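Colleague: need a 3D model of the sequence below.
(2 chains)
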Amino acid sequence: EAQVTQNPRYLITVTGKKLTVTCSQNMNHEYMSWYRQDPGLGLRQIYYSMNVEVTDKGDVPEGYKVSRKEKRNFPLILESPSPNQTSLYFCASSPRARVENEQFFGPGTRLTVL
Amino acid sequence: AQSVTQLDSHVSVSEGTPVLLRCNYSSSYSPSLFWYVQHPNKGLQLLLKYTSAATLVKGINGFEAEFKKSETSFHLTKPSAHMSDAAEYFCVVSESGGSYIPTFGRGTSLIVHP
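Modeller: So this is what the prediction gives:
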């Protein structure tokens, strides 16, 4: 089944404890991205990747890191999480970075930082 | 620059009555426009998209939207609401000629009463 998977689905952590949220897609998509969803704000893009080893900042990149060493994986790293990073996170992928392409979303990761 | 405004944060309808979710956009270039649906505790799923072909776009589950350039609108409609339509709906704009960072609206929560 074609899909985007994220792990973990739920995570509670404490301020300053490094964490990684994994994202993987099995559709051979070139474009991948991370979003955070906060009540009343919709989805805001954190980082995106056009292809392997090519990443760039989205609208809200502060406090996050990403890497794209393989085409299928695009992990999101919080090196020193803070409470304002408590949010619902979505990974998405698209065949190519073209404005007419739809994105395929993972199920989401709900992160709470205490 | 691109932006999108969903004019209603909540829309409440009775089952069997029409649905109208309003979206206005702003774009410096030719835009692609999307509607996504998010059911509770789920990721986002594409409902329909406009990419400069037919201005009336039909999507899944009986939804459709009309691109009106003169009004810079892309409203989502359905003739008859079903209980299963209760969800959060997002309007999204991407424009050619710019960086590929789609802009999401803040979402409209559709409530369907029996």
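Colleague: ok, stretch A:85-102 near chain B or not?
Modeller: Yes - counting by C-beta under 8 Å from any C-beta of the partner chain, chain B is contacted by stretch A:85-102 at A:90, A:92, A:97-100, A:102. For glycine as for every other residue, the C-beta is placed from the backbone atoms N, C-alpha and C.
Colleague: where does chain B dip in pLDDT?
Modeller: B:96-99 (pLDDT under 70).
Colleague: which residues of it lie near chain A?
Modeller: Residues of chain B found near chain A (C-beta under 8 Å from any C-beta) are B:9, B:31-32, B:34, B:36, B:41-46, B:49, B:51-52, B:90, B:94-96, B:99-102, B:104-107.
Colleague: quick one: which of the residues you listed sit in helices?
Modeller: Cross-referencing the residues of chain B next to chain A against helices under DSSP state H gives no overlap.
Colleague: in strands, which of these appear?
Modeller: Judged by DSSP state E, the subset of the residues of chain B next to chain A located in strands is B:31-32, B:34, B:36, B:44-46, B:49, B:90, B:94-95, B:104.
Colleague: who wins for most neighbours among these?
Modeller: Each of these was scored for neighbours by other C-beta atoms under 10 Å in any protein chain shown, and residue B:34 scores highest at 30 neighbours.
Colleague: contacting residues for that residue?
Modeller: With contacts taken as C-beta atoms under 8 Å, 6 or more residues apart in numbering or on different chains, residue B:34 has the following neighbours: A:102, B:46-50, B:91-94, B:102.
Colleague: so which of those residues wins on neighbours?
Modeller: Among the contacts of residue B:34, residue B:91 has the most neighbours (other C-beta under 10 Å), with 30 neighbours.
Colleague: tell me the centre residue of chain A?
Modeller: Nearest to the mean C-alpha position of chain A, counting by C-alpha atoms, centre = their mean, stands residue A:34 at 2.8 Å.
Colleague: does it touch residue A:76 like I think?
Modeller: Yes - between residue A:34 and residue A:76 there is a contact at 5.0 Å, judged by C-beta atoms under 8 Å.
Colleague: list residues touching both of the two?
Modeller: Taking C-beta under 8 Å, 6+ apart as the contact rule, the neighbours common to residue A:34 and residue A:76 are A:23, A:46-47, A:64, A:66, A:89, A:91.
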